[in-house]
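S.K.: coordinates only, sequence not included:
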């Protein structure tokens, strides 16, 4: 059984465990829009719960763009959810506005006591933009080299090496001639989860964009999962690995790096089978979940696929257990 809605496309998702219950948050858009490519600009968040990451109870819409005019009145894209030191649940999310035609992305913050009803922090929820002394490390303006001014998909976690919080996000570096070599994993820090400081990226290169980053430790090793497309491989990376679309990862010594691209490609195909994946520790092992894209090369599917086991090999690489068609 998959996380699917009859009347909505479902794509990027993220998960948090509270007691015995998994909470899944996901992007959705009504299938009535027709063209699934329009889903990005008809988006809201859904919320579902499960005890096994397979059988889901949908709780409906949990978050959506501001009524406007506002910095996030056009889209609310992928984010992450964590419990803060203050006991509240914190949602960090991507926003864009109609006034800029969605071309510039920024990062917002909302809180909740029940994991479903969210209140934007401060006047409008905006907490981080590509501004300040470290902005020169990023493509802080839309120069036309890429299709947008990227700053999205925040992944927030406690700092395992000290006090405070860390944020990783999808962005691009400045001053790189080859567009497909300019993707980066952006970085920010906070003492309390509320006030954030933009830092230099922790990794740049290999791909034009490294979407939906997820940083986690397993088996004594740090990993940064991301997704990318075949057409976004740099020339150097395409010489090392046949370009595919799907999910791959970086290997690091700590959350701050240094990071390197893992050999091969974890989970990719042409056409794309699964995208925007997350790796979740169930307590009994790691599993990967992502949305079904166009696995047979025709229509967009738009549901979250059932979890599939992930192994850590003896050389600390990630490996997905061969998929069983009957389990989908």
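M.R.: Nice, thanks for sending it over. Remember, it's a predicted structure, so these values are computed and weren't measured experimentally.
S.K.: Only C-alpha atoms from now on, for both contacts and neighbour counts.
M.R.: Will do.
S.K.: Enumerate every residue touching residue 102.
M.R.: By CA atoms under 8 Å, 6 or more residues apart in numbering, the contact set of residue 102 is 74-75, 96.
S.K.: What pLDDT does the model give residue 298?
M.R.: According to the prediction, residue 298 has pLDDT 83.
S.K.: brain fart, residue 126
M.R.: pLDDT recorded at residue 126 is 98.
S.K.: Next: residue 206.
M.R.: On the pLDDT scale, residue 206 gets 98.
S.K.: i'd like the first residue to be 45 from this point on
M.R.: Sure, I'll start numbering at 45, so the last one becomes residue 250.
S.K.: Identify the residues contacting it.
M.R.: Taking CA under 8 Å, 6+ apart as the test, what residue 250 contacts is 224-227, 277-278, 280-281, 305.
S.K.: Let's see that with 7 Å instead.
M.R.: 225, 277-278, 281 (CA atoms under 7 Å, 6 or more residues apart in numbering).
S.K.: Repeat that for residue 220.
M.R.: By CA under 7 Å, 6+ apart, the neighbours of residue 220 are residue 226.
S.K.: Tell me the secondary structure at it.
M.R.: Classification of residue 220 by DSSP: H, G, I helix; E, B strand; the rest coil places it in coil.
S.K.: Repeat that for residue 143.
M.R.: Secondary structure of residue 143, per three-state DSSP, is helix.
S.K.: Any idea how many residues pack against it?
M.R.: 15 (other CA atoms under 10 Å).
S.K.: quick one: pLDDT of it?
M.R.: On the pLDDT scale, residue 143 is placed at 97.
S.K.: now do residue 370
M.R.: Residue 370 carries a pLDDT value of 39.
S.K.: circling back: looking at the contacts of residue 250, which are in helices?
M.R.: residue 281 (DSSP state H).
S.K.: neighbour-wise, which of the contacts of residue 250 leads?
M.R.: residue 277 (25 neighbours).
S.K.: mind checking how far it is from residue 292?
M.R.: 12 Å (CA to CA, to the nearest Å).
S.K.: And residue 278, by the same measure?
M.R.: 14 Å.
S.K.: Under the pLDDT cut-off, which ranges of the stretch 45-194 of the chain? List them.
M.R.: Counting by pLDDT under 70, the stretch 45-194 of the chain contains low-confidence ranges at 45.
S.K.: ok, which stretches of it are helices?
M.R.: Counting by DSSP state H, counting those that start in this stretch, one finds no helices in the stretch 45-194 of the chain.
S.K.: need the strands for it, in chain order.
M.R.: In the stretch 45-194 of the chain, the segments counted as strands under DSSP state E, counting those that start in this stretch are 52-62, 65-74, 88-94, 101-107, 119-127, 133-140, 150-156, 163-164, 170-172.
S.K.: Given the shortest one, what are its sheet partners and their directions?
M.R.: Take DSSP bridges as the rule and strand 163-164 pairs in its sheet with strand 150-156 (antiparallel).
S.K.: ok and the strand it pairs with relative to strand 119-127, angle-wise?
M.R.: With axes from the mean of the first three to the mean of the last three CA atoms, to 10 degrees applied, the angle from strand 150-156 to strand 119-127 works out at 50 degrees.
S.K.: Show residues contacting strand 150-156.
M.R.: Contacts of strand 150-156 (CA under 7 Å, 6+ apart): 132-140, 162-165, 169-173, 195-196.
S.K.: same question, stretch 87-107
M.R.: 45-47, 64-73, 108-109, 119-120, 160-162, 350-351.
S.K.: make it 8 Å
M.R.: Counting by CA under 8 Å, 6+ apart, residues outside stretch 87-107 touching it are 45-47, 64-73, 108-109, 119-121, 160-162, 350-351.
S.K.: ok, and for it, which residues are buried?
M.R.: Neighbour-count burial for stretch 87-107 flags 87-94, 97-98, 100, 102, 105-107 (criterion: 16 or more other CA atoms under 10 Å).
S.K.: Over to residue 275: give its phi and psi.
M.R.: phi -70, psi 0 (degrees, to the nearest 10).
S.K.: Neighbours of it, how many?
M.R.: 13.
S.K.: measure it to residue 183 for me?
M.R.: Taking CA to CA, one finds residue 275 at 20 Å from residue 183.
S.K.: Narrow the contacts of strand 150-156 to those that are buried.
M.R.: Buried among the contacts of strand 150-156 by 16+ other CA under 10 Å: 133-140, 162-165, 169-173, 195-196.
S.K.: From what I see, residue 285 and residue 309 are in contact.
M.R.: Yes: judged on CA atoms under 8 Å, residue 285 makes contact with residue 309 at a distance of 7.3 Å.
S.K.: do you know how far residue 48 is from residue 290?
M.R.: Distance of residue 48 to residue 290, computed by CA to CA: 20 Å.
S.K.: out of the two, which sits in the busier spot?
M.R.: Ranked by neighbour count (other CA under 10 Å), residue 48 and residue 290 place residue 290 first, with 25 against 18.
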